[in-house]
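In: Let's see this in three dimensions:
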Amino acid sequence: MKNFVVKTIANAGALAVAVWLLDKITLTGDSTGKKAGTLIIVALIFGLVNFLVKPIVKVLTFPLFILTLGLITLVVNALMLLLTSWLADKLDLSFHVEGFWTAVLGGLIISIVSWALHVALPDND
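Out: Predicted structure coming up:
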């Protein structure tokens, strides 16, 4: 359970950095508390999308992983971020990613920050 909480916090922190750095990734809310709550829910959705959908996409695009020496990972991460944005919109959450190239850059930022936070935060159960 502790590992799940740490991963969710790391995803929320990574998403917050992406929102802060990129103008076309937006998170709106009336108060800081509401924004933080929305960010945690979006982090849960992002984690769920990465847990359920990303492995299937990786298996289906395995030849492209080999052909591009793994650079297709940037596209897959962008698609997962766009799917998270779409799901957040369907759930009436105030998180939005505008455009594919913003999603590519956002996915790169989220990957780097999430990795750094996973290194810094304890994750043993």
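
In: Identify each buried residue in the helix or strand bottoming out on mean pLDDT in the chain, please.
Out: Scoring the helices and strands of the chain by mean pLDDT, DSSP states H and E places helix 2-21 at the bottom, with a mean of 88. Of the residues in helix 2-21, those with enough neighbours to count as buried (16 or more other Cβ atoms under 10 Å) are 6-8, 10-19. C-beta coordinates here come from the backbone N, C-alpha and C atoms, glycine included.

In: swap in stretch 29-44?
Out: By 16+ other Cβ under 10 Å, the buried positions in stretch 29-44 come out as 35, 38, 39, 41, 42, 43, 44.

In: For this protein, just list every one of the helices.
Out: In order along the chain, the chain carries the following helices (DSSP state H): 2-21, 32-52, 54-60, 62-67, 72-90, 100-120.

In: what pLDDT, on average, does the shortest one get?
Out: Computed over helix 62-67, the mean pLDDT rounds to 91.

In: Alpha carbons of it, as CSV, please.
Out: In CSV, the C-alpha atoms belonging to helix 62-67 read as follows (Å, rounded to 0.1, in the frame of the first residue of the first chain):
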residue,chain,number,x,y,z
PHE,A,62,7.1,-3.8,-30.3
PRO,A,63,8.6,-3.8,-33.8
LEU,A,64,8.5,0.0,-33.7
PHE,A,65,10.4,0.0,-30.4
ILE,A,66,13.2,-2.1,-32.1
LEU,A,67,13.1,0.0,-35.3
